[in-house]
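Enquirer: Sequence plus the predicted model coming up.
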Amino acid sequence: MYDSIVIGCGFAGAVVARELAEKKKRVLIIDSRSHIGGNCYDRKDEYGILIHQYGPHIFHTNSERVYRYLSRFTEWYPFRHEVVGKIGEKELPIPFNLNTLEMVYGERAPELEKKLISSFGEGARVPILELMNHPDDELQEIAQYVYENIFLKYTMKQWGKSPKEIDPAVSGRVPVLLSRDNRYFQDRFQGIPLHGYTEIFQKMLDHDGIDIRLNCQGTDVLSLDPEGDVKVWFEGNPFHGDVIFTGALDEFFGCRYGRLPYRSLDFHFEHYEKPFYQSHAVVNYTVSEEFTRITEFKYLSGQLDMEDTTIVKEYPKAYSGSEGEIPYYAINNPENDALFEKYKALVVQIPGFYLLGRLAEYKYYNIDAIVERALDLAERV
């Protein structure tokens, strides 16, 4: 009945399903949730404010291919994403940039700015660990300030570990930016879908070649037999089409080798009868509070004229696999990556079984990267 089965209905699954359907494939999408859109699902709350149910998502990319593809399904709200960190009574631009330098160091800032640009070049993004190893004492001082006030405690909250236990690639996401551009992202294309992310998925999946089953676990209808001649079973019958799997690979195999470690999040939504709660869409709490950040959604949706507002606080925690928990961030280190490879070995030799996405590949991807990977995979399939 189907040429392809896609497990998961986030951007990875939705894009590959649409592309296969346009290539005359009959596609079934299976998702365990009651809605499409995965973690990018958004909806209006009881007060009429468009909220991102699973945390804020700001689209940004330098890929014209990805931008043009998604623009088939949405217009864009040209949102300029600026993040500040709450440090004592100050709100400092993040990433730490030349404006932040001036706010922190005052009269010393011009000379420090000259040193930074002389060492790394105007517009450079300098990882704080690289700056900490610089021979100049004053540049080390800047690095130490960023490390202690922006990176250290925030990272410990986010990952539940000390920074020395974190992959260096993670610290590289918190650079010192040698410009006065306060935007969090400097990508060529960025914004928020004008009518929300959910509408993108509704339009993308509106195709005669796509069927969708929600509230359905992949393991309820799909099983693998790596040792037999028939590799994939669908609802108890041999399936000879392609399977694109975007879910948690360890859970698909019942965690037979042990659970892959992830970080999860608790979201605490609050509503206030006042026009605004904070100065920016996202305020990071880098040295205080148990939560990492507060998002105020009306900035993202452009509903700036509404008389009240809704926010969400994010509390990181370890993922245990309990009911209602969601694995958000893979904890990549040699031990965990080796465990993932054991699960991957169970499927890589199975014809027509493809892994795609954050969970299936145990990697961190932004929206644009996963859309690009989905487009490439659809071409290969």
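Expert: Received, thanks. Keep in mind the model is a prediction, meaning the values are calculated, not measured.

Enquirer: switch to C-alpha atoms for all contacts and neighbour counts from now on
Expert: Fine.

Enquirer: residues contacting the residue nearest to residue 286 when sequence neighbours are not counted?
Expert: Leaving aside its chain neighbours, residue 286 sits nearest to residue 154 (4.7 Å; criterion: Cα to Cα, 6 or more residues apart in numbering). For residue 154, the contact set (Cα atoms under 8 Å, 6 or more residues apart in numbering) comprises 285-287, 292.

Enquirer: which SS class is residue 154?
Expert: For residue 154, the assignment made with DSSP: H, G, I helix; E, B strand; the rest coil gives helix.

Enquirer: Local confidence estimate at it?
Expert: Confidence at residue 154, expressed as pLDDT, is 90.

Enquirer: Kindly provide the distance from it to residue 320.
Expert: 21 Å (Cα to Cα, to the nearest Å).

Enquirer: What of residue 86?
Expert: 30 Å.

Enquirer: Next: residue 97.
Expert: 37 Å.

Enquirer: Compare these two and say which is more crowded by neighbours.
Expert: Using other Cα atoms under 10 Å, the more surrounded residue of residue 97 and residue 320 is residue 97, with 23 against 15.

Enquirer: The more buried one and residue 183 touch, don't they?
Expert: No. With contacts defined as Cα atoms under 8 Å, residue 97 does not count as touching residue 183, sitting 10.0 Å away.

Enquirer: In the protein, what helix or strand scores lowest on average pLDDT?
Expert: helix 168-171 (a mean of 60; mean pLDDT, DSSP states H and E).

Enquirer: Next, the residues that contact the next helix-or-strand element following that one from outside, please.
Expert: Remark: after helix 168-171, the chain's next helix or strand is strand 175-177, criterion DSSP states H and E. Here strand 175-177 makes contact (Cα under 8 Å, 6+ apart) with 95-98, 123-128.

Enquirer: Among those, name the buried ones.
Expert: 95-98, 125-128 (16 or more other Cα atoms under 10 Å).

Enquirer: Return the set of residues that bridge with residue 282.
Expert: Beta-bridge partners recorded for residue 282 (DSSP bridges): residue 83, residue 295.

Enquirer: how far does stretch 111-128 stretch from start to finish?
Expert: Across stretch 111-128, first to last residue, Cα to Cα, it's 19 Å.

Enquirer: residues making contact with it?
Expert: Contacts for stretch 111-128 (Cα under 8 Å, 6+ apart): 98, 101, 138-139, 143, 146-147, 171-179.

Enquirer: pLDDT check: weakest of the residues you listed?
Expert: For the contacts of stretch 111-128, the pLDDT minimum is residue 172, 54.

Enquirer: Mind putting the buried ones among the contacts of strand 175-177 into CSV with distance to residue 250?
Expert: Below are the buried ones among the contacts of strand 175-177 laid out as CSV (distance: Cα to Cα, whole Å):
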residue, distance to residue 250
95, 35
96, 38
97, 40
98, 44
125, 36
126, 36
127, 33
128, 34
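
Enquirer: now, among those residues, which is nearest to residue 304?
Expert: residue 95 (24.8 Å; Cα to Cα).

Enquirer: which residues of the stretch 51-200 of the chain score low on pLDDT?
Expert: The stretch 51-200 of the chain contains residues with pLDDT under 70 at 163-164, 166-173.

Enquirer: where along it do the strands fall?
Expert: For the stretch 51-200 of the chain, the strands defined by DSSP state E, counting those that start in this stretch cover 59-61, 76-77, 83-87, 90-94, 96-97, 125-127, 175-177, 189-193.

Enquirer: Let me know the angle separating the fourth one from strand 83-87.
Expert: Between the direction of strand 90-94 and that of strand 83-87, the angle (axes from the mean of the first three to the mean of the last three Cα atoms, to 10 degrees) works out to 140 degrees.

Enquirer: for the protein, longest helix please?
Expert: helix 367-380 (DSSP state H).

Enquirer: same for that one, what does it pack against?
Expert: Counting contacts by 3 or more Cα pairs under 8 Å, 6 or more residues apart in numbering; DSSP states H and E, helix 367-380 packs against helix 11-22, strand 59-61, helix 64-71.

Enquirer: what's that helix in contact with?
Expert: Residues contacting helix 367-380 (Cα under 8 Å, 6+ apart): 11-13, 15-16, 19-20, 59-61, 63, 65-66, 356-357.

Enquirer: just the contacts of stretch 111-128 now: which is nearest residue 7?
Expert: Closest to residue 7, out of all of the contacts of stretch 111-128 and judged by Cα to Cα, is residue 173, at 30.1 Å.
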